Structures are given as structure tokens and as C-alpha cells.
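Colleague: structure, please.
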Amino acid sequence: MRPDANPRDYLVAESPAMRAAVAHIERIADSDGPALVCGEHGTGRELVARLLHQLSPRRAGRFVAVRPTFEAPGGDGDDGERARRALRAAQGGTLLVKDVCDVAASGQKALRRAMRVPERERRPDSSGEVFDVRVVGSADLDLERAVAAKMLSPELYESMASRRVDVPPLRERGGDIPTLVERWVRHYADEIGRGKLTISTRAHERLVKYPWPGNVAELKNLCRRLVIHTTGSRIEAGDVDAVLPVVAERVPMEELSFEEMVKAKLVGFLQRMDGYPLHDLYDKVVERVERPLFDLVLEKTGGNQLKAAEILGLNRNTLRKKLDALGVARRGKGREDRALDD
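Modeller: Presented below is the predicted three-dimensional model:
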């Protein structure tokens, strides 16, 4: 994004989840205190931090984004000094520290000293410098664990946590996906001179349904691939299927038929047993179906085996033999038994 660009021109917030995040940014923008932008990688944390800067009283100052180690050409290996160089570069503006949990202890110490306080309380740090900078850190969602593991200073975390923005993952922003797709497809099509590419409704439905583990970053990459691989002037569902990674779809159990549930269980079992010898699979599967079936029918009949046999369509003696067989003390479970029970 160009330094003079308006973050609002890039941020899509049509979904309720993203609208709520933007509303929270607007509420804390004027406070000028240190802040945290949290979310999974690829959710657009830097863009959110830029919007926070653009809405703040520091909008006329510089927005500087740095990596955790504050690497700079000709660095001297001192993380504290690297932090001070970054703070100098952002003087009067906003400093975004990406993945703040990865900053070394000396760098975290320099950041704590630079946190903006009222002018009358501001003091020089050990180098004699006074920094007028708003510090914003980006991080994933395990901050409390990072503090407990002593990867993140409790003081640094506490100073930022009261102004925390949680960026929702793309899977919770279904309403934003069509607009994001349209934008990125148009961008890449213009870049290679392809002209206008439209996207079918079914193609959009495929994209909204996908869980997006890589978030907006993954969507951007997939749009580029769509533009490259689509030969016509319209992106269809088949084009999406051709480039979309295959993932296991999570379907509520109540929406699955009995056969689908059994098949899903067996698929996992066969994958776990790949490379191991299999024995008596039919008998093992039937036993696991019969046992809960008999339990439930006997519970329904109050333990009356005659009525249970009638419901099951079995001879009473056959049912009794099966119950005896299933009730016999079982041997220790082998690998196949454990894999079926998982």
C-alpha cells in the first residue's frame, strides 16, 4: 500500500464481524495510547493498524512498520538500539511492531520506556532521548500464554491490552468475501491486460463456503491463480474447484445420513491404518454397530428380550447368543480396535 494511501480504500467491512472491529478502532483512535492488533496471520493486521493511525491525531506523522528484531542495514546487533532507531524514525507518528511477542527483552524494555505519557510526566530513557511515538503491536491470539512463558513482558502487555483490536478471521467474514474477490480479480486482470473478468454466483458460493485457513492473504493468492488459469471471460464454479485446495468439510452430525456417518468414520479409520495389516474388518465394524443398537433397543423395551427381538427382527435365541457374545470379556484392544474407536 502506498504511504499516502487511505486505509479505508483498501479495508472491506461489509460483514457484521468486520464492522464491529472498525467501530472499535474508531472508539480508541483518539486515545493516543499504545495499542494491540490481534488476529491470525493473514487477516490484515497491518492494514488495521494503518487505519488506527489514519484516524488518530497523529495522522500527519509517519507510520513506520518494523519486524520483531528491528533489523536495519549496518545494525550493531543491539536490540535495544534497533528499537530506538525505529522509534526515532516514527517520531511524532505511529510505530507498528509486527509480532511483538518475538521482540527481544532489550527491545521490549526500550518500547516500554517509549510508551507515550502526558508531556509533564515524560522522561528521557537511558540514552537521554524522549520519544513522542504511539506504539502499536501486532500479535496472534495467544498473548496470555506468551506472557506466562516470559516471551512477552507483562508490563508491555498490560500497557497495550486496554486498547486491543481483534481482527476476525476471513471464515467469519462471509459477507466481505465477494467484494474482496471482485477487487483482487480486477486488480490482477488489469495487471496482465486481461480485461474485465466476471464471477458467477456459484463461484462466489464456493469461495464463501471455503474455510480460508490462510485468511485474506490466501484469498489474494487464490484470486491471482484464478485470473491466470481461467480461459474465458467469466470465472465459473469449476474454475474455483480447479484451484481451491481440497479440505474436509465440517458438516453438523444431524445433517448427515446414517450411511454418511459410517462412511466418514471408516475413511478416517482406513487412513490411520494405512500401511498396517487389516484383519476381520467386517466383524469389527458389525460389532460396533450391533452393540449400541442392542443397548438402545433393550433400554426401550425395559430389558425385555422378547420385545427387543421382535423390534430387531431377530429370533429370540439368536439375539440371546449375540448378547452373550458381545458381553464376553474382551481381549486387550489391538491397533485396529483403537483406530476404530478413535
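Colleague: where does pLDDT dip in the chain?
Modeller: Of all residues in the chain, those with pLDDT under 70 make up the ranges 1-5, 69-79, 116-128, 246-256, 264, 267-269, 271-276, 327-342.
Colleague: could you chop it up by domain?
Modeller: In the domain annotation for the chain, the residue ranges read 7-168, 171-243, 253-341 (automatic domain parsing).
Colleague: so how far is stretch 164-173 off the chain centroid?
Modeller: Relative to the centre of its chain, stretch 164-173 is centred 8 Å away, using CA atoms, centre = their mean, to the nearest Å.
Colleague: buried residues of that stretch, list them for me.
Modeller: 164, 165, 166, 167, 168, 169, 170, 171, 173 (16 or more other CB atoms under 10 Å). Every C-beta, even on glycine, is put in place using the N, C-alpha and C of the backbone.
Colleague: just stretch 297-315 next, same as before
Modeller: Burial within stretch 297-315, assessed by neighbour count using 16+ other CB under 10 Å, is assigned to 297, 298, 305, 308, 309, 312, 314.
Colleague: quick one: which helix or strand includes residue 86?
Modeller: Element membership of residue 86 [criterion: DSSP states H and E] is helix 79-89.
Colleague: show me what that helix is packed against.
Modeller: strand 63-66, strand 94-97, helix 105-114 (3 or more CB pairs under 8 Å, 6 or more residues apart in numbering; DSSP states H and E).
Colleague: what's the closest of these to residue 181?
Modeller: The closest of the helices and strands packed on helix 79-89 to residue 181 is strand 63-66. By CB to CB, the value is 26.1 Å.
Colleague: how about the closest one as PDB, C-alpha atoms only?
Modeller: The C-alpha coordinates for strand 63-66 follow below in PDB (Å, rounded to 0.1, in the frame of the first residue of the first chain):
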ATOM      1  CA  PHE A  63       3.500   5.300  10.000                       C
ATOM      2  CA  VAL A  64       6.500   3.000  10.400                       C
ATOM      3  CA  ALA A  65       6.200  -0.800  10.400                       C
ATOM      4  CA  VAL A  66       9.100  -2.900  11.700                       C
END
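Colleague: what comes into contact with it?
Modeller: By CB atoms under 8 Å, 6 or more residues apart in numbering, the list of residues contacting strand 63-66 from outside reads 3, 46, 49-50, 53, 86, 89-90, 93-98.
Colleague: just the buried subset of the residues you listed, please.
Modeller: In the contacts of strand 63-66, burial by neighbour count holds for 46, 49, 50, 53, 86, 90, 93, 94, 95, 96, 97, 98, counting by 16+ other CB under 10 Å.
Colleague: once you drop chain neighbours, what's closest to the fourth one?
Modeller: Okay, so that is residue 53. Leaving aside its sequence neighbours, residue 53 sits nearest to residue 94 (CB to CB, 6 or more residues apart in numbering; 4.1 Å).
Colleague: so who does that neighbour touch?
Modeller: 49, 52-53, 56, 58, 61-64, 133-136.
Colleague: that one and residue 163, how far apart?
Modeller: In this structure, residue 94 and residue 163 are separated by 12 Å, where distance is defined by CB to CB, to the nearest Å.
Colleague: quick one: which of the buried ones among the contacts of strand 63-66 is nearest to residue 199?
Modeller: Minimum separation from residue 199 among the buried ones among the contacts of strand 63-66 (CB to CB) is found for residue 46, which lies at 26.8 Å.
Colleague: isn't the closest one right up against residue 138?
Modeller: Yes: counting by CB atoms under 8 Å, residue 138 is a contact partner of residue 46 at 6.9 Å.
Colleague: shared neighbours, those two?
Modeller: Common neighbours of residue 46 and residue 138 (CB under 8 Å, 6+ apart) are 96, 98.
Colleague: what's the neighbour count on the residue lying closest to residue 35 once chain neighbours are set aside?
Modeller: Computed as CB to CB, 6+ apart, the closest residue to residue 35 that is not its neighbour in sequence is residue 163, at 4.0 Å. Residue 163 has 21 neighbours, counted by other CB atoms under 10 Å.
Colleague: so where do the strands sit in the stretch 201-342 of the chain?
Modeller: Using DSSP state E, counting those that start in this stretch, the strands found in the stretch 201-342 of the chain span residues 234-235.
Colleague: all helices of it, in order?
Modeller: With DSSP state H, counting those that start in this stretch, the ranges of helices along the stretch 201-342 of the chain come out as 201-209, 215-229, 237-243, 258-272, 281-300, 305-312, 316-327, 335-341.
Colleague: that's all I had, so thanks and see you.
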